[in-house]
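Trainee: Whatever this is, show me its structure:
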Amino acid sequence: MTDYPVVNGHHHIGNDNAEQDRTFEWSESVESVIEAMDENGVDATILQPLGGENDRSVTEVHDQIYEASQEYEGRIFGTAAVNPHLGTDFVHDEITRCVQELDFKFVKLHTLAWGVDPTSDIAYDVFDACEENDVPVMVHTGPHGMPFSVPGMYMPVAEDYPDLPIIFAHMGGAYTLTQEAIFMAERYDNIYLDTTLVLNMYLKRAMEAVGADRLLMAAEHSSNIPVALTKVDCIGASEEQKAKILGGNAIDLYDLDVEKQSFEEQVPADD
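Mentor: Numbering: from 1, shown residues only. Sure thing, here's the model as predicted:
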């Protein structure tokens, strides 16, 4: 148990009105997320729709996330994820609604699920809305989704939006593009790296190359939370560096109000 807040910065939730996601065919409930958080000592989680929410019904999921953030205030926060193929006006209006009315903390651009070139005009609609609403953007990166998910595709984006924090979900993937993601973060100080899917050795390399200040612990699904936490424990980070990666960076970047929870210790059952 840590003495500083732990924040899971990237976690998907499905539509309550559907049995499973229409692209990735998985989902889970808010209750299962809270249960996994309690079991693993996670103080807060930032929820986002799954990539299969690719039409205007995504507003329902945004509303569900908002309701969860009210029920579990300070523990659940929201992310907007709007398919840019739905049009400039809808993208702008829904992102603005989520940020201004629902207090969502950042926006996700899922290049794989939606087939979006990050250098295209429709992707720039998302970046424009983020910049206007003063929130970061998370983008899917990795070999699944190439070429649109290649970290190097974000060179013009990082240069065109130097004040927009850009979070590379998956840090370029488990292996294939991770080093490229690290190179990009070394080159552009508005690029952040999240720990989902990345191998321990590359997480350690990212910490050494970029520093701990731009690394964000994330799990993506409740079953991944123990692994996500253990990875940060395995890279030789100091306690100060762990505190940043496990929660401090997310709290600062997304302006979160998170308090350390008092988790009950698990007492082993008698044999």
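Trainee: show me the contacts for H170.
Mentor: For H170, the contact set (CB atoms under 8 Å, 6 or more residues apart in numbering) comprises H140, T141, G142, D194, T196, L197, V198. Any C-beta I mention is one placed from the backbone N, CA and C, and that applies to glycine too.
Trainee: how about those in CSV, adding neighbour count, secondary structure and distance to F106?
Mentor: Shown next, in CSV, are these (neighbours: other CB atoms under 10 Å; DSSP: H, G, I helix; E, B strand; the rest coil; distance: CB to CB, whole Å):
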residue, neighbour count, secondary structure, distance to F106
H140, 22, strand, 13
T141, 34, coil, 15
G142, 26, coil, 19
D194, 26, strand, 11
T196, 24, coil, 15
L197, 21, coil, 19
V198, 28, coil, 19
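Trainee: between the residues you listed, which is nearest P156?
Mentor: Within the contacts of H170, the smallest distance to P156 is 15.2 Å, found for T141 (CB to CB).
Trainee: That closest one touches F168, doesn't it?
Mentor: Yes. Under the criterion of CB atoms under 8 Å, T141 makes contact with F168 at 4.7 Å.
Trainee: Name the residues contacting each of those two.
Mentor: P151, A181.
Trainee: thinking again about what came up before, quick one: which two of the contacts of H170 are the most distant?
Mentor: Within the contacts of H170, H140 and V198 form the most distant pair, 13.6 Å apart (CB to CB).
Trainee: what about the helices in the stretch 1-150 of the chain?
Mentor: With DSSP state H, counting those that start in this stretch, the ranges of helices along the stretch 1-150 of the chain come out as 30-40, 58-71, 88-100, 111-114, 121-133.
Trainee: Could you look over these and pick the most buried one?
Mentor: helix 111-114 (a mean of 22; mean count of other CB atoms under 10 Å).
Trainee: Where does the prediction get shaky in the protein?
Mentor: Residues of the chain meeting the criterion pLDDT under 70: 1, 15-23, 264-271.
Trainee: 50 - rerun?
Mentor: 266-269, 271 (pLDDT under 50).
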